[in-house]
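In: Fold the following.
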Amino acid sequence: MHAAQTQQPFDLQPPVNNGQHFTSRHGAAGLRWLFSNRERWGLTMDDLAVLLGGFGRRTLTHWQRKVHQQEAIELSRDVMERISLLLGIHKALTLITPDGHEELAWEWFQKPVDLMGLQGQSIRDYLIRQGSMEALYYIRRNLDAMRG
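Out: Numbers count the residues shown, from 1 in each chain. Sure thing, here's the model as predicted:
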């Protein structure tokens with residue numbers, strides 16, 4: 001199902017820039033977290049490349065090497081925003097888990113659900129199939145709404 005066919009009750013516009021400036025260090029830290037936790041989310045390197053904007057595996061491997069060697073890395077605003085949304089999705093999943101069961105957030109990312117108009121897809125599969133910034137915002141905002 002395409003994003004256009006999915007009911008999307010929330011505004012999908014990016015938040016207004018509040019003056020927060022993300023540096024290459026923020027991007028490297030976000031990438032480090034994603035590389036370290038990608039398998040817990042059931043993601044291949046190719047899946048992660050899609051979620052970060054459709055980059056080739058070679059680019060992702062290059063970034064991984066730079067992050068591992070703690071070298072400076074310049075990322076586009078688009079990639080930085082995608083990293084932020086992915087981290088926010090994980091945070092929101094963690095916040096909606098019952099106290100003491102935060103590990104469920106990893107499972108919930110991969111488990112098929114009928115919530116949020118996903119109609120039996122997992123959050124993971126939906127995001128990979130859509131591959132868009134809009135899909136990341138859609139999931140993030142729905143999870144934020146679920147936690148109140």
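
In: Which residues belonging to stretch 38-47 are considered buried?
Out: Judged by neighbour count (16 or more other C-beta atoms under 10 Å), stretch 38-47 contains these buried residues: R38, W41, L43, D47. For the C-beta atoms, the positions are set from N, CA and C on the backbone; glycine is no exception.

In: isn't R124 right next to F109, touching?
Out: Yes: counting by C-beta atoms under 8 Å, F109 is a contact partner of R124 at 5.3 Å.

In: Look up the residues that both of these two are in contact with.
Out: W41, G42 (C-beta atoms under 8 Å, 6 or more residues apart in numbering).

In: from the buried residues of stretch 38-47, which single one is nearest G148?
Out: G148 lies nearest to W41 out of these, by C-beta to C-beta, at 24.2 Å.

In: For the closest one, which non-adjacent residue is closest in space?
Out: F109 (5.3 Å; C-beta to C-beta, 6 or more residues apart in numbering).

In: got the contact list for the one you found?
Out: W41, G42, I89, H90, L93, S122, I123, R124.

In: Also N37?
Out: Contacts for N37 (C-beta under 8 Å, 6+ apart) come out as H90.

In: Any stretches of the protein with poor pLDDT?
Out: Scanning the chain for pLDDT under 70 picks out the ranges 1-22.
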